[in-house]
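**Student:** Using only what follows, build the 3D model:
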Amino acid sequence: MKRCDARAAGSLYRHLAVLILLAITVVAAAAWSFMGGLQPATPCTGGDISSCKGTARCLSGTVTHIVDGDTLDVDGQRIRLTLVNTPETGDPGYQEAKDFTASTCPVGSRALVDEDDGQTGGSYGRIIAVVYCGATILNAALLQSGYAVILTQYCSVSEFASEPWATACG
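**Tutor:** From the prediction side, this is the model:
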């Protein structure tokens, strides 16, 4: 009789251990889903570095490629910085602007992308946005460093035209 009871108890403990491991796995998966990876392109509110303004897409992800000074890829999505313009390939200052962007938002770093509510149609398939890398607003940093100029023709439509770094829009 005791041998049968021991087998039943062993079986019960194995089933209990499997259930506990399953519960831990479910909780861990839910936590990972909630905290990590590319965030869905959903509206965000707020105005500080940790959240987006307006109602357009707000996403965070990993910088995967630097195209030039004012364009980069975040998790494979092409992002064009709103309101700023850096020199094009072959123009003086092109490489310096691209290098500045690459050092401010290096490939592999995390970035927050706040799509411009006034330009949600994008440009050549790109999302027009402000990009935050750590505590740095890339758009502002390019302007302050002298590697970019304001694209004043978009001041009337951009939700970011009144930001302190967009003084040429004022």
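
**Student:** going forward, measure contacts and count neighbours with C-alpha atoms only.
**Tutor:** Will do.

**Student:** Would you mind measuring from V67 to V149?
**Tutor:** V67 is 18 Å from V149, where distance means Cα to Cα, to the nearest Å.

**Student:** again, but for A129
**Tutor:** A129 is 16 Å from V149, where distance means Cα to Cα.

**Student:** residues contacting Y132?
**Tutor:** Residues near Y132 by Cα atoms under 8 Å, 6 or more residues apart in numbering: I49, A111, L112, V113, L138.

**Student:** what bridges to it?
**Tutor:** Following DSSP bridges, Y132 is listed with bridge partners L112, I137.

**Student:** Please parse this structure into its domains.
**Tutor:** Domain ranges of the chain: 1-36, 42-169, per automatic domain parsing.

**Student:** Can you add mean pLDDT and give the ones you listed back as a markdown table?
**Tutor:** Shown next, in a markdown table, are the domains of the chain (pLDDT from 0 to 100):
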| stretch | mean pLDDT |
| --- | --- |
| domain 1-36 | 48 |
| domain 42-169 | 90 |
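
**Student:** Can you tell me which of those is most buried?
**Tutor:** domain 42-169 (a mean of 18; mean count of other Cα atoms under 10 Å).

**Student:** And the strands in this protein?
**Tutor:** Remark: strands assigned in the chain by DSSP state E are 42-43, 57-68, 71-74, 77-81, 84-85, 110-115, 127-133, 136-137, 149-150.

**Student:** how close does D99 get to P106?
**Tutor:** With Cα to Cα as the criterion, D99 and P106 are 9 Å apart.

**Student:** for the nearest residue to L151 once chain neighbours are set aside, what are its contacts?
**Tutor:** With sequence-adjacent residues excluded and distances taken as Cα to Cα, 6 or more residues apart in numbering, L151 is closest to L83, at 4.9 Å. Shown in contact with L83 (Cα under 8 Å, 6+ apart): N139, I150, L151, T152, Y154, C155, S158, F160, A161, A166.

**Student:** Any figure for the gap between the fifth one and A161?
**Tutor:** The span separating Y154 from A161 equals 8 Å under the rule Cα to Cα.
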